[in-house]
Structures are given as C-alpha cells and as structure tokens.
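# below is the sequence, then the predicted model.
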Amino acid sequence: MDWITPLSTLAGAVVGVSSALLAERVRWRREQHKEVAQTRRVVYSDFLMALSRGHSDMRTAVLQHDGSTGDRLYGALHQALDGSGIWRLRQTLSLTTSAEIIQLAVMACEALTRMRDLLVEDPDLKGDAYFRVRADLWRENAHLREAMRKDLGMDGPPDPDVGRYRYPAAS
C-alpha cells in the first residue's frame, strides 16, 4: 500500500501537466488563428485600396492629359496602374488566401486592365464604353469584397454593391 500514494501523486501530476499543456496548445492555436486572420485582413484591405487607387489614378491621368492619345497616354495609364501596387499585392494574396479569392482578385485585376486598355483607345470618361468597363470593375470588386468578408467571418448584411452596378444612365 505504500506504493499507491506515490503512484497516485505521479498520476495526478501527469494529469495536471497534461491538462496544462493541452490548454496552452488550445490557447496557442486560437492566437495563431487570430494572427492569420489579421494578416489576411491587412492584405485584403491593402489589395482593395490598390485596386481603387489604380482606378482613381487612371482617371486622373486621363483628366490631366491634353487630349493626347497613343504612347504618352498609354505610358501615363500604365504608370497609374503599376504605381497602385496592385501587382505586388496580387502576389501577396497568393500566399495568404484561398484559391477562390485569388481567382476573384485576378478577375478584378483583369477588369482594371481592360479599363486601362479602353482608356488608351478612347479616353472619354463620360462615354458609354467607359461606363461599361467601370461597371464591370465595380461588379468584380464587389464580388471580391463579399468573398473576403465571408473568409474573415464577418456577418451582417451582404455588401450592398453586389448585384447593383451603376451604368451610364445612373452614373
């Protein structure tokens, strides 16, 4: 019977240490999940801001040009798009998120590139062609934002822009 007391003490110590280690592991995993979500939140925000900045800077390039087209305008529009950081952030997304969000980001980038290409050919910000590519960009952007919100576990009503796109008559 003298050996039961030390064995019980040892068993109690093993159970106590094991439960402390398990609790620490659960806490560590919860913190890791929070850090990963915060990293994605920052990358998502930066990417969306770069997308917006690319659009805005291209509009500015068109407005600041003296009506010239061709290489000068292409250069200004290309610089506006590249200067937004969208391509660098697109690569960052590929390391931090799901294939679904990467695909939606690619589609948004393609919409922005189509806008640039259209503005090189027809730099009319009040024309129907511009309104169409702008509506495409907004649609892709809205779908991307909604997927990002879901990925981050954000609840509440969906993004109000999803499914509603301003078109020439409503712009």
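Done, it's in. Remember, predicted model here, so these are calculated numbers, not experimental data. Residues are numbered from 1 along each chain as shown.
# where does Asp66 land in three-state SS?
Under DSSP: H, G, I helix; E, B strand; the rest coil, the three-state class of Asp66 is coil.
# where does pLDDT dip in the protein?
Residue ranges of the chain with pLDDT under 70: 1, 3, 28, 67-69, 158-171.
# spatially central, which residue of it would that be?
Centroid-nearest residue in the chain, with C-alpha atoms, centre = their mean: Tyr44, separated by 3.1 Å.
# which residue is the nearest non-sequential neighbour of it?
Met148 (4.5 Å; C-beta to C-beta, 6 or more residues apart in numbering). (C-beta placed from N, C-alpha, C; glycine too.)
# distance from the stretch of helix or strand the one you found belongs to to the middle of the chain?
Using DSSP states H and E, Met148 sits in helix 128-151. Relative to its chain's centre, helix 128-151 lies at 12 Å (C-alpha atoms, centre = their mean, to the nearest Å).
# elements contacting that helix?
When contacts are defined as 3 or more C-beta pairs under 8 Å, 6 or more residues apart in numbering; DSSP states H and E, helix 128-151 sits against helix 4-64, helix 99-121.
# now, of those helices, which is deepest in the fold?
Highest mean neighbour count of the helices and strands packed on helix 128-151: helix 99-121, a mean of 18 (counted as mean count of other C-beta atoms under 10 Å).
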